[in-house]
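A.B. asks: sequence first, then the predicted structure, then my questions.
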Amino acid sequence: MGAETSLQSVLGFVRALKRNNNRDWFQAHRDDYEVARAHFEDFVAALLHGLSRTETLADAYRRAEIIKGEGDAAAADLYARAHSRNPDFFAFHRSMQAYRRSLGKEGDIMVLAPDGEFFKYMKESGR
């Protein structure tokens, strides 16, 4: 029996109990109660199993985010140490990255002052 059918069985019994809330009726329907109780226990067990799986996925996501953060921190540290050794090279490298991202895409139009900072390394290469 599926979880939804089990839950409907339980709710059906509870509604009947609400309409007939007396000891004699309950004793006469004790077998129905036992079936409804078993269905309810199955439903709760399935629900708890689903929650347990969700917690496992949440833990995996949390661990993945921690590992990603540690990797990002290590990369940032490496970049900072390398940058401090040769700031001019890394300024040049970042400019080249900006040129690559900004220039040469079909349909792009850029209006820049020829004496602006954006073209600093292009001007220096003509010396």
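C.D. replies: Nice, thanks for sending it over. Here the structure is a predicted model, which means the values were calculated and not measured.

A.B. asks: where does pLDDT dip in the protein?
C.D. replies: By pLDDT under 70, the weakly predicted segments of the chain are 1-4, 118-127.

A.B. asks: quick one, helices of this structure?
C.D. replies: Along the chain, counting by DSSP state H, helices occupy 3-19, 23-28, 30-85, 87-102, 120-124.

A.B. asks: so which of those helices is nearest I109?
C.D. replies: Shortest distance between I109 and the helices of the chain, using C-beta to C-beta, is found for helix 87-102: 11.2 Å. Where C-beta positions appear, they are placed from N, C-alpha and C, glycine not excepted.

A.B. asks: which strands and helices sit next to that closest one?
C.D. replies: helix 120-124 (3 or more C-beta pairs under 8 Å, 6 or more residues apart in numbering; DSSP states H and E).

A.B. asks: sorry, back to before: if you compare the helices of the chain, which one is most tucked away?
C.D. replies: When these are scored by mean count of other C-beta atoms under 10 Å, the highest mean neighbour count falls to helix 3-19 (a mean of 14).

A.B. asks: so how far is that helix from its chain's centroid?
C.D. replies: Remark: helix 3-19 is offset 36 Å from the chain centroid, using C-alpha atoms, centre = their mean, to the nearest Å.

A.B. asks: can you redo the helices of the chain as CSV with distance to V111?
C.D. replies: Shown next, in CSV, are the helices of the chain (distance: least, C-beta to C-beta, whole Å):
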stretch, distance to V111
helix 3-19, 63
helix 23-28, 84
helix 30-85, 31
helix 87-102, 12
helix 120-124, 16
